[in-house]
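Participant: just a sequence and a predicted model for now, questions to come.
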Amino acid sequence: MEINVLVNLIANVGFPVATSAYLLIRLEKQIVGLTSSINKLNIIISTKLGVVIDTNNDSKIA
């Protein structure tokens with residue numbers, strides 16, 4: 001592989017990959033916090049409505 005092809009590959013693909021990884025790592029804490037807030041809100045709403053919910057994290061809504 002020629003050096004010019006390698007430099008073009010890194011320039012075209014490397015920057016978007018690095019930017020995406022940086023943003024995902026930086027936003028991970030906020031995503032975890034939002035997930036926790038949504039779960040708490042779900043529990044509060046279901047308690048007010050008198051509905052029993054499954055608090056198991058492995059369950060998926062069909």
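Facilitator: Sure, I can see it. Numbers count the residues shown, from 1 in each chain.
Participant: for I53, helix, strand, or coil?
Facilitator: coil (DSSP: H, G, I helix; E, B strand; the rest coil).
Participant: touching, it and S46? I think so.
Facilitator: Yes: if you go by CB atoms under 8 Å, I53 and S46 touch, sitting 4.5 Å apart. Any C-beta I mention is one placed from the backbone N, CA and C, and that applies to glycine too.
Participant: would you state the helices of the chain in chain order?
Facilitator: 3-9, 15-49 (DSSP state H).
Participant: least reliable of the ones you listed going by mean pLDDT?
Facilitator: Here the lowest mean pLDDT among the helices of the chain goes to helix 3-9, at a mean of 76.
Participant: send the alpha carbons of that helix over as CSV?
Facilitator: Provided in CSV are the C-alpha atoms of helix 3-9 (Å, rounded to 0.1, in the frame of the first residue of the first chain):
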residue,chain,number,x,y,z
ILE,A,3,1.9,6.0,1.6
ASN,A,4,-0.4,8.4,-0.2
VAL,A,5,-3.2,5.9,0.0
LEU,A,6,-2.6,5.3,3.7
VAL,A,7,-2.5,9.0,4.5
ASN,A,8,-5.8,9.6,2.5
LEU,A,9,-7.4,6.6,4.4
